[in-house]
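1. Could you look at this predicted model? Sequence included:
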Amino acid sequence: MSFKTTEEHEVLRLRIREFAENEIKPIAFMLDQNSEYPAEIIKKLADMNLMGIPYPKEYGGAGLDILSYAIAVEELSRVDGGCGVILSAHVSLGSYPIFAYGTEEQKKKYLIPLAKGEKLGAFGLTEPNAGSDAGGTETTAVLEGDHYILNGEKIFITNADKADTYIVFAVTTPDIGVRGISAFIVEKGWEGFDFGDHYDKLGIRSSPTAQLLFNDVKVPKENLLGKEGEGFKIAMGTLDGGRIGIASQALGIAQGAYENALAYSKEREQFGKPICQQQIISFKLADMATKLRAARFLVYSSAELKENHEPYGMESAMAKQYTSDVCLEIVNDALQIFGGTGYLKGMEIERAYRDAKICTIYEGTNEIQRVVIASHIIGKPPKETGAIKSSKGPIVGIRKRIIFKDGTSEEKVNNLVDALKKDSYDFTVGIELDTPINKAERVVSAGKGIGKKENMELIKELAIQSGSAIGCSRPVAETLKYLTLDRYVGMSGQKFNGNLYISCGISGAGQHLKGIKDATTIVAINNNPKAPIFKNSDYGIVGDIEEVLPLLSKALDNGEPKKEAPPMKKMKRIIPKKVAPSWKNFVCGGCGYEYDAGIGDIDNDIKPGTLFEKLPEEWICPECGEEKDMFIEV
């Protein structure tokens with residue numbers, strides 16, 4: 001490395017810096033305040049041929065190098081971290097897998113419009129139970145004829161729901177760990193593919209982030225990326241390069257904070273001279289500049305390694321980890337230099353302070369980066385052996401999961417009411433509808449699935465007849481404003497610790513479920529049979545809210561005014577008994593090796609708990625190499 005960028009690189013930097021200063025800076029506060037996606041900014045970046053910077057011109061790109069891409073993300077992030085990560089996620093995550101692993105047909109159909117900026121890309125890997133541990137993926141894709149049927153959800157997805165093309169990872173072969181994960185190209189607008197609400201984030205608020213929800217989405221076979229079982233490899237290979245983008249984002253945020261602090265320190269006078277001439281401040285500035293230079297070399301050298309097709313996994317992890325760590329230190333020092341002024345809303349340094357933190361979390365936490373770096377230095381740790389690892393259960397703990405799907409709505413309602421009465425719920429008593437959530441024995445809660453505001457009357461009537469207070473999901477209070485924020489139930493809202501929680505039209509986002517995990521009984525009513533809420537419920541009805549709620553209210557109405565409920569007594573949750581696992585063992589006819597599903601075959605990535613009949617066809621005896629059909633059941 002020459003330790004110096006070329007003239008072409010610096011011309012590009014100046015071009016993007018001028019654009020960011022003139023086009024983004026004047027509206028950055030508004031974008032942050034309103035969590036607004038900068039649609040016009042992204043369109044102009046496409047017009048400038050920046051949305052496909054590192055891709056060949058034959059695929060619609062600009063044909064520039066990886067370092068040019070890093071500089072682009074850096075300069076956008078210098079003014080607004082959200083704009084920087086929109087470009088980073090589009091180029092590194094949404095487009096790269098198609099470029100690196102796609103067929104020629106896939107590149108022509110998907111990469112060209114992505115590189116031209118005609119479409120926006122995104123990457124769907126993270127799930128409620130699969131964050132740093134991507135092997136915990138629960139989204140499934142089952143091949144049926146010419147299509148895969150995709151079901152599941154992804155969370156914290158950058159560029160959702162603005163993106164048009166999504167790289168989605170799903171399990172195609174269960175029970176064999178990461179070797180059973182495959183990658184797919186999924187298009188926005190396909191039937192069954194929906195989005196959750198945008199997360200209300202601490203920082204990078206101009207960057208849209210939301211859930212991806214898949215309900216029997218038909219994905220054509222030709223949209224399989226690579227081969228079945230190569231998804232984990234594709235994901236990890238993509239993230240290696242994506243870390244360069246996040247490192248560049250952190251570098252830009254830190255650079256902008258440093259420049260703002262330096263300029264302010266020259267203007268602000270105390271004790272008769274600018275504060276930059278006070279030794280303590282000058283030393284801060286010196287340390288900030290040193291950290292920036294070290295970080296820039298790490299980022300640029302990893303970009304250069306990737307450009308030259310040399311191994312760069314360790315270096316990109318180092319760049320991401322170090323740069324995002326020092327970014328936090330630099331913005332913290334910068335805000336300290338500004339003092340109280342920097343703490344005010346609307347100050348660029350205040351926004352940078354909030355934007356910086358996420359860089360240590362996404363695209364692999366910095367703890368995971370250290371694992372990656374260490375594995376390059378000392379080798380991968382030996383694979384764990386031993387007993388079966390328990391699978392991750394519902395967020396709310398073990399539940400009955402008795403879901404009424406069949407029959408008429410009236411039959412389903414009657415079955416639910418019978419079950420609740422059998423569990424000793426008395427519906428002749430009631431409480432005030434506005435009883436504080438954390439003090440209520442029962443709550444009827446409305447989600448976005450309730451639809452129009454008039455349907456809140458159905459919620460009110462059900463609350464009266466079931467003897468409950470009224471609650472809601474966050475979007476109902478914050479976005480729809482059907483109720484006030486103090487009625488919102490969730491991890492960041494009010495916690496429900498009472499006996500009966502009736503969820504109406506709530507899909508079951510993780511943060512909501514964590515707010516009701518201590519409920520004795522959870523009832524879900526939703527028209528989507530695959531809504532996560534059902535996996536976290538004791539009872540459920542699959543059906544239309546407008547049809548089910550009036551029937552349920554009627555079934556609970558005893559024809560008399562409700563008596564005042566006695567002080568709440570916490571009922572004991574009835575936890576279903578666990579069924580002891582049972583399986584048959586098989587012995588190899590060639591050497592006598594016994595396959596025990598309780599142990600699996602760790603050396604060949606067969607995790608404990610994998611039944612013999614679920615082993616992949618290509619699996620062979622680890623002792624003598626005999627094929628599966630040579631094993632005898634014992």
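-> Sure, I can see it.
2. secondary structure class for residue 185?
-> Residue 185 carries the three-state label strand when classified by DSSP: H, G, I helix; E, B strand; the rest coil.
3. tell me, how many neighbours does it end up with?
-> Residues lying near residue 185 (other C-beta atoms under 10 Å) number 23. Heads up, the C-betas are built off the backbone N, CA and C, glycines and all.
4. could you show me where the strands are in the stretch 51-200 of the chain, in order?
-> Along the stretch 51-200 of the chain, counting by DSSP state E, counting those that start in this stretch, strands occupy 121-124, 140-144, 147-158, 165-171, 181-187, 193-195.
5. Run the angle between the lengthiest helix in the chain and strand 165-171 for me.
-> Using DSSP state H, we find that the single longest helix of the chain is helix 231-267. Helix 231-267 runs at 130 degrees relative to strand 165-171, counting by axes from the mean of the first three to the mean of the last three C-alpha atoms, to 10 degrees.
6. I'd like the next helix or strand past helix 231-267.
-> Once the chain leaves helix 231-267, the next helix or strand it forms, by DSSP states H and E, is strand 269-270.
7. Tell me where the protein is predicted with low confidence.
-> 1-2, 382-393, 576-582, 602-603 (pLDDT under 70).
8. looking at it, which residue lies furthest from center?
-> Each residue of the chain has a distance to the centre, and by C-alpha atoms, centre = their mean the biggest one is for residue 272: 51.2 Å.
9. From residue 285, how far out is that residue?
-> 19 Å (C-beta to C-beta, to the nearest Å).
10. re the thing from before, next, format the strands of the stretch 51-200 of the chain as JSON lines and append distance to residue 354.
-> Formatted as JSON lines, these follow (distance: least, C-beta to C-beta, whole Å):
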{"stretch": "strand 121-124", "distance to residue 354": "22"}
{"stretch": "strand 140-144", "distance to residue 354": "36"}
{"stretch": "strand 147-158", "distance to residue 354": "16"}
{"stretch": "strand 165-171", "distance to residue 354": "27"}
{"stretch": "strand 181-187", "distance to residue 354": "31"}
{"stretch": "strand 193-195", "distance to residue 354": "24"}
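11. Touching stretch 312-331 from outside, list them.
-> Outside stretch 312-331, the residues that touch it by C-beta atoms under 8 Å, 6 or more residues apart in numbering are 240-241, 243-244, 246-247, 250-251, 253-254, 257-258, 288, 291-292, 294-295, 298-299, 301-302, 305-306, 349, 352-353, 356-357, 359-360, 363-364, 366, 369-370, 372-373, 376-377.
12. Double-check residue 177 against residue 137; I have them as touching.
-> No. Taking contacts as C-beta atoms under 8 Å, residue 177 lies outside contact range of residue 137: 9.8 Å.
13. The two - which one has more neighbours?
-> Legend: neighbour count by other C-beta under 10 Å for residue 177 and residue 137, higher for residue 137 (24 against 19).
14. Do I have it right that that one meets residue 171?
-> Yes. Counting by C-beta under 8 Å, residue 137 does reach residue 171; the two are 5.6 Å apart.
15. quick one, helices of the stretch 301-450 of the chain?
-> For the stretch 301-450 of the chain, applying DSSP state H, counting those that start in this stretch gives helices covering 313-338, 348-356, 366-378, 409-422.
16. Tell me how far residue 341 lies from residue 160.
-> 36 Å.
17. Actually, residue 322.
-> Using C-beta to C-beta, residue 322 is found at 29 Å from residue 160.
18. Compare those two (neighbour count), which wins?
-> Shown here are residue 322 and residue 160; by other C-beta under 10 Å, residue 160 has more neighbours (26 against 20).
19. now the closest residue to the more buried one other than its chain neighbours, what's its secondary structure?
-> Ranked by C-beta to C-beta, 6 or more residues apart in numbering and with sequence neighbours excluded, the top spatial neighbour of residue 160 is residue 210, at 4.1 Å. Following three-state DSSP, residue 210 is assigned to strand.
20. residues near residue 210, how many?
-> For residue 210, using other C-beta under 10 Å, the count is 21.
21. how about it, what does it touch?
-> With C-beta under 8 Å, 6+ apart, residue 210 has these contacts: 157, 160-161, 195-199.
22. before we move on, back to that, determine which stretch of the strands of the stretch 51-200 of the chain is the most buried.
-> strand 121-124 (a mean of 28; mean count of other C-beta atoms under 10 Å).
23. From the rest of the structure, what touches that one?
-> So strand 121-124 is contacted by 89-91, 93-95, 97, 114, 154, 157-160, 163-169, 186, 212, 238, 242 (C-beta under 8 Å, 6+ apart).
24. That strand pairs with which strands?
-> Sheet pairing for strand 121-124, assigned by DSSP bridges, gives strand 165-171 (parallel).
25. Show me how far the partner strand is from its chain's centre.
-> Centroid displacement of strand 165-171 relative to its chain, using C-alpha atoms, centre = their mean, to the nearest Å, is 13 Å.
26. Just want the angle from the helix or strand where residue 217 lies to strand 147-158.
-> Assigned by DSSP H and E, residue 217 falls within strand 209-220. Using the same axes, to 10 degrees, one finds that strand 209-220 and strand 147-158 are set 160 degrees apart in direction.
27. The next helix or strand after strand 209-220 pairs with which strands, parallel or anti?
-> Downstream of strand 209-220, the next assigned helix or strand under DSSP H and E is strand 224-225. Strand 224-225 pairs in its sheet with strand 181-187 (antiparallel), by DSSP bridges.
28. just the CA coordinates of the partner strand, formatted as CSV?
-> In CSV, the C-alpha atoms belonging to strand 181-187 read as follows (Å, rounded to 0.1, in the frame of the first residue of the first chain):
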residue,chain,number,x,y,z
ILE,A,181,-29.3,-22.7,5.2
SER,A,182,-29.8,-21.4,1.7
ALA,A,183,-30.0,-17.9,0.2
PHE,A,184,-32.8,-16.5,-2.0
ILE,A,185,-33.5,-13.3,-4.0
VAL,A,186,-36.9,-12.1,-3.0
GLU,A,187,-38.8,-9.2,-4.6
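29. Give me the contacts around it.
-> Strand 181-187 is contacted by residues 97-98, 101-102, 106, 110, 124, 134-135, 137, 141, 148, 150, 164-172, 193, 214, 217, 219, 223-232, 234-235 when judged by C-beta under 8 Å, 6+ apart.
30. thinking again about what came up before, which of the contacts of stretch 312-331 are buried?
-> Listed as buried from these are 240-241, 243-244, 246-247, 250-251, 253-254, 257-258, 288, 291-292, 295, 298-299, 301-302, 305-306, 349, 352-353, 356-357, 359-360, 363-364, 366, 369, 372-373; burial here means 16 or more other C-beta atoms under 10 Å.
31. quick revisit: what bridges to the residue nearest to residue 160?
-> Applying DSSP bridges, one finds that residue 210 bridges with residue 157.
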